[in-house]
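*Asks:* 3D, please:
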Amino acid sequence: MKKTLRILCAVALTTLCAIPTMAQLNGTGYYRFRNADRNTEYISMANDLFNYTTCISTACGGLSDALSSEGQARALECAGKYLGTDIHMVNDADIIDVGSVIYAQKYNTQASNHDYNLIGQGTSLLTLTTGKYPGTKVLEFKNRYITIDPVSGSGANTLYTAKIELKSDTYVFLYGYPSLGIRYLIDVNGTLAINASSSAQNAKWYIEPVNHFNMVPEVEFEGKYYTTLFVPFSYKLSGQVLKAYAVKGIGDDGTLQLEEVATEGGTVPAQTPVILECGSNNPAECQLIPQGKPVFTAPDESNTGNAPRANQAVADETNLLRGTYYCNTDSTITFSKPNNATGTFNANNYTKPTNPQKYVLGTVNADGKLALVKATGTAMPANKAWIEYTGNKELVFPWEPAITVLKGDVNDDHEVNISDVIALINYISLNTGDINTDAADFNEDTEINISDVIALIGYVADSDN
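*Replies:* Residues are numbered from 1 along each chain as shown. Below is the predicted model of the structure:
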């Protein structure tokens, strides 16, 4: 009997081991959503402009038209344009676009429930799709979670569909609960869109757990590499990310007053714009590990305008660094209206570096110091940090560049030749001349005397031969 039991246990264990690994989406956590048709493109939160008033009132002409098939088509076209503005597709195989790091928050803990809120860049899909249409009959849209279903494959090769229904929670006599229909997220040539069908490959998604994301260093100084970052979640410094600094003040001479926020293995709080110091310029070695739940603007059911704007306040107001989650430079978006007319909305959402002038991390200044320099672009980049400054000083870091001593360059002309021998002899014998004493100690015995002259003469003679 015992032998039989052992055999049954062994068979059971073997069977369990043969079961495919768990699907990549495994409850609440950080993920990236990669399209199955365009294999290097990921969903990235890029804006927060979704507007029911435009979709129903402007695109359809009102509620009665929105309940017709033609009106519904116009509303869905407009809604799709908004979603494509608020959610971009980005090429990000190297995990360096922070906007592609999505916090998928499960609606409840039941295994059979596949409803999620996708949170990123200070907003969420639930936030974007919550609001009111303020017509004669007010329609309330809320609890519009996205349903993510596995459709094929297993483990890392599991393919999913992602669908959402823009359905009102308000009952309308004779019509029930007005709905714009169930639509699936798809990738159309690099643009996020919605479609009634999920059969095409561009409606399928791979979902990859995020254990870390990588940073791209921007500026080198004294063997270290620097960049800036502003994200709505906390993260741990890992790999070659050595320190994170806040800027707590600016001296009268323009020197930045820095404070360490975190060092190796430490954690930077959510919504904290920082300057990161790295020991490598290889993004794959400069890793940051997301921690906890991101801070985001909660859905506002009373909202009748644009989606609630993402909260971009910094965690510590004494930190002079600021940042933005978005640098969406899409131009005017066109959608269909009744009577074959067209409507538009401005999809741009970025901060121009105007007044006060914004200063961003730049190359070292004329004195060889690391500095913040005036921004020259037309838009501030997403997830980067800067300071606003109205003064006229150079904003330099409080670190002096290392002084490289050329041994034997006694007269500091960046060359070693007979003139250095003469300068050294005059200094020793006549105590005249302004020399570089570090370079004059040629034999490095901490003294300057005739032995340095002899050694320097030998070096110059060999160099001439």
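
*Asks:* From Gly181, how far off is Thr170?
*Replies:* The gap separating Thr170 from Gly181 is 17 Å, by CB to CB, to the nearest Å. Where you see a C-beta, it was placed from the backbone N, CA and C, and this is true even at glycine.

*Asks:* Just the element for the residue lying closest to Gln257 once chain neighbours are set aside, please.
*Replies:* If the residues on either side of it in the chain are set aside, Gln257 comes closest to Gly249, at 3.8 Å by CB to CB, 6 or more residues apart in numbering. Assigned by DSSP states H and E, Gly249 belongs to strand 241-250.

*Asks:* For the residue most central in space within the chain, give me its contacts.
*Replies:* In the chain, the residue lying closest to the centroid (CA atoms, centre = their mean) is Val98, at 2.7 Å. Val98 sits next to 121, 213, 229, 231, 382-383 when contact means CB atoms under 8 Å, 6 or more residues apart in numbering.

*Asks:* what does Thr129 give?
*Replies:* Thr129 touches 50, 141, 144, 164, 166, 307, counting by CB under 8 Å, 6+ apart.

*Asks:* how deep is the last one tucked in, by neighbour count?
*Replies:* Translated: Ala307. Look at Ala307: counted by other CB atoms under 10 Å, it has 24 neighbours.

*Asks:* what's the spacing between it and Tyr145?
*Replies:* Note on Ala307: its distance to Tyr145, by CB to CB, is 16 Å.

*Asks:* What are the phi and psi values at Ala379?
*Replies:* phi -150, psi 140 (degrees, to the nearest 10).

*Asks:* Spatially, and excluding backbone neighbours, which residue is closest to it.
*Replies:* The nearest residue in space to Ala379 (CB to CB, 6+ apart) is Tyr350, at 3.9 Å.

*Asks:* Would you check that the one you found makes contact with Tyr325?
*Replies:* No - contact status for Tyr350 versus Tyr325: not in contact, 10.5 Å apart, counting by CB atoms under 8 Å.

*Asks:* So the two - more neighbours on which side?
*Replies:* Between Tyr350 and Tyr325, counting by other CB under 10 Å, Tyr325 is the more crowded of the two (26 against 17).

*Asks:* How about the contacts made by the more buried one?
*Replies:* So Tyr325 contacts 45, 99, 121-123, 230, 232, 310, 312, 382-383 (CB under 8 Å, 6+ apart).

*Asks:* now swap in Thr378 and tell me
*Replies:* Counting by CB under 8 Å, 6+ apart, Thr378 touches 352-353.

*Asks:* Roughly how far does it sit from Asp330?
*Replies:* From Thr378 to Asp330 the distance is 14 Å (CB to CB).

*Asks:* three-state assignment of Gly458?
*Replies:* helix (DSSP: H, G, I helix; E, B strand; the rest coil).

*Asks:* and it, how many neighbours does it have?
*Replies:* 11.

*Asks:* What are the boundaries of the helices in the chain?
*Replies:* Remark: helices assigned in the chain by DSSP state H are 2-18, 52, 63-66, 69-86, 125-128, 418-430, 437-440, 450-464.

*Asks:* out of those, which comes closest to Gly29?
*Replies:* The closest approach between Gly29 and any of those, judged by CB to CB, belongs to helix 125-128 at 15.9 Å.

*Asks:* helices or strands next to the closest one in the packing?
*Replies:* In terms of contacts (3 or more CB pairs under 8 Å, 6 or more residues apart in numbering; DSSP states H and E), helix 125-128 is packed against helix 69-86, strand 115-120.

*Asks:* how near is Ala200 to Lys81?
*Replies:* On the measure of CB to CB, Ala200 and Lys81 end up 20 Å apart.

*Asks:* Which of the two has more residues huddled nearby?
*Replies:* The residue with more neighbours, out of Ala200 and Lys81, is Lys81; 27 against 14, by other CB under 10 Å.

*Asks:* so where's the stretch 351-465 of the chain shaky on pLDDT?
*Replies:* In the predicted model of the stretch 351-465 of the chain, residues 403-404, 465 satisfy pLDDT under 70.

*Asks:* Quick one: the strands in it, in order.
*Replies:* 357-362, 371-374, 385-389, 395-396 (DSSP state E, counting those that start in this stretch).

*Asks:* related to what we said a few turns ago, between the contacts of Thr129, which has the most around it?
*Replies:* When neighbours are taken as other CB under 10 Å, the top entry among the contacts of Thr129 is Phe50 (27 neighbours).

*Asks:* which residues touch that one?
*Replies:* Phe50 makes contacts with 79, 82-83, 86, 128-129, 131, 306-307, as judged by CB under 8 Å, 6+ apart.

*Asks:* okay, it: pLDDT?
*Replies:* Looking at Phe50, its pLDDT is 92.

*Asks:* Same check on the one 4 residues further on?
*Replies:* Confidence at Thr54, expressed as pLDDT, is 91.

*Asks:* can you check the one 10 residues further on too?
*Replies:* pLDDT recorded at Ser64 is 77.

*Asks:* cool, and Thr21?
*Replies:* Taking Thr21 on its own, its pLDDT is 35.

*Asks:* Is there a neighbour count for Asp253? I'd like the number.
*Replies:* Neighbours around Asp253, by other CB under 10 Å: 8.

*Asks:* Surely it touches Lys393?
*Replies:* Yes - under the criterion of CB under 8 Å, Asp253 makes contact with Lys393 at 6.3 Å.

*Asks:* Nearest spatial neighbour of Ile387, chain-adjacent residues omitted?
*Replies:* Nearest to Ile387 is Leu320, by CB to CB, 6+ apart, at 4.7 Å.

*Asks:* Ok, Tyr82 next?
*Replies:* Phe50 (4.5 Å).

*Asks:* Also Val90?
*Replies:* Using CB to CB, 6+ apart, the closest residue to Val90 is Ser44 (4.4 Å).
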